[in-house]
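Student: whatever this is, show me its structure:
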Amino acid sequence: MPEPDQLPAAAGGRLKAVQAWLRGRSDTRLGRLALQWFRAYFAASRNSGCAATMYSTLSVLPGALVAVALFNPESNTNAFAAHLVSHLGLTGSTASLVEDTFGSASANRLAATISVAISALLWGIGIGQIYKDVYARAWGIEVGSAADQALFAIFFFVFTGAVALAVVSGGELRDTGWIVLLPVWLLGTTVFWLWVPRFLLHRRIGLRSLLPGALLGAIVLGGASAAAPFFLPATMNANGKAFGSFGVVVTLNGWFFIMITMSLVCAVFSPVWADWRQSERQRRDAVGAQRQSTNLEAK
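Tutor: Okay, here's the model as predicted:
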């Protein structure tokens with residue numbers, strides 16, 4: 001056992017060892033990429049995940065309820081809730097809570113559609129503004145025109161449709177089998193995340209430059225959606241038993257926040273990837289030139 005006066009020195013030594021280990025990890029290729037990515041995200045996002053989640057909860061989620069119900073006109077119950085219950089494998093009281101919480105959007109499609117239109121005007125348009133600003137800050141460009149509000153409205157309806165389609169396809173993947181539909185799902189998701197920045201940034205950035213972030217977004221968000229049935233039902237069960245419908249809504253809202261934040265993290269990856277590749281190429285050339293100079297001096 002070390003003496004009491006030796007404890008601070010021992011703790012300080014361990015802290016220095018940890019700091020040295022972190023410096024070593026950050027001075028690798030992957031470490032430099034992760035550090036650049038971390039800095040770029042916080043510089044570009046500016047807490048946009050919270051705002052996007054709030055706007056999406058008030059507009060996209062109700063819109064997805066209506067969209068799924070409209071895609072399933074023969075259903076007597078809320079198709080969104082049915083697909084949600086199926087994808088997460090919910091049973092018993094929690095499944096009943098989910099169905100009761102979201103009600104039956106197909107029971108009054110006209111009123112629900114009007115509600116979605118009002119929500120789009122009040123909150124939905126702001127979602128496109130948030131994503132556009134994040135992409136623009138990440139790429140270091142300024143874009144904007146008088147037609148942007150129309151673009152944001154189009155983005156809202158496409159984004160809502162994509163969320164509804166993701167819920168429906170999740171149930172289809174579960175029923176049909178991942179091997180059959182997974183490639184199609186990944187391709188469609190990649191195309192969507194290619195379209196989003198291309199559309200919001202007025203085609204200022206080429207598709208090839210946007211591809212790394214789109215691929216990453218498809219893989220990360222798809223993986224998170226596929227993994228949700230393994231951990232989300234337990235949280236929903238606990239919150240549903242403790243708080244009823246409010247617990248179910250809070251749980252889904254928290255999951256929505258995680259997914260939106262991950263989408264924003266992936267949104268800044270393409271410019272980071274391009275800068276990282278260029279800086280690594282310059283670093284490699286500089287090291288090669290230095291070695292060549294050292295060899296010449298040695299001769």
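Student: where does pLDDT dip in the stretch 151-299 of the chain?
Tutor: Within the stretch 151-299 of the chain, the set of residues satisfying pLDDT under 70 comprises 168-181, 287-289, 291-299.
Student: one more time with 80
Tutor: 164-182, 184-185, 226, 229, 240-241, 244-245, 283-299 (pLDDT under 80).
Student: so the nearest residue to G217 once chain neighbours are set aside: helix, strand or coil?
Tutor: Nearest in space to G217, with sequence neighbours left out and distances taken as CB to CB, 6 or more residues apart in numbering, is C266 at 3.8 Å. (C-beta placed from N, C-alpha, C; glycine too.) The assignment at C266 comes out as helix when based on DSSP: H, G, I helix; E, B strand; the rest coil.
Student: what do you get for M259?
Tutor: Reduced to three states with three-state DSSP, the structure at M259 is helix.
Student: the residue nearest to G217 against L216, yeah?
Tutor: Yes: with contacts defined as CB atoms under 8 Å, C266 counts as touching L216 at a distance of 4.7 Å.
Student: neighbour-wise, which of those two wins?
Tutor: Taking neighbours as other CB atoms under 10 Å, C266 and L216 compare with C266 leading, 22 against 19.
Student: can you tell me how far that one sits from A95?
Tutor: 32 Å (CB to CB, to the nearest Å).
Student: returning to what we had before: check contacts around the residue nearest to G217.
Tutor: For C266, the contacting residues are 193, 213, 216-217, 220-221, taking CB atoms under 8 Å, 6 or more residues apart in numbering as the criterion.
Student: would you format those as JSON lines with distance to T53 and secondary structure included?
Tutor: Below are the contacts of C266 laid out as JSON lines (distance: CB to CB, whole Å; DSSP: H, G, I helix; E, B strand; the rest coil):
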{"residue": "W193", "distance to T53": "18", "secondary structure": "helix"}
{"residue": "G213", "distance to T53": "20", "secondary structure": "helix"}
{"residue": "L216", "distance to T53": "20", "secondary structure": "helix"}
{"residue": "G217", "distance to T53": "17", "secondary structure": "helix"}
{"residue": "V220", "distance to T53": "17", "secondary structure": "helix"}
{"residue": "L221", "distance to T53": "15", "secondary structure": "helix"}
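Student: the residue nearest to G217 and A44, how far apart?
Tutor: Summarising the geometry, the distance separating C266 from A44, computed by CB to CB, is 12 Å.
Student: shaky segments in the stretch 1-150 of the chain?
Tutor: Filtered on pLDDT under 80, the stretch 1-150 of the chain yields the residue ranges 1-27, 47, 57-124, 144-146.
Student: can you show me the helices along it?
Tutor: Taking DSSP state H, counting those that start in this stretch as the test, the helices found in the stretch 1-150 of the chain are 7-26, 29-45, 48-58, 60-71, 79-88, 92-102, 109-119, 125-139, 148-176.
Student: fine by me, thanks again.
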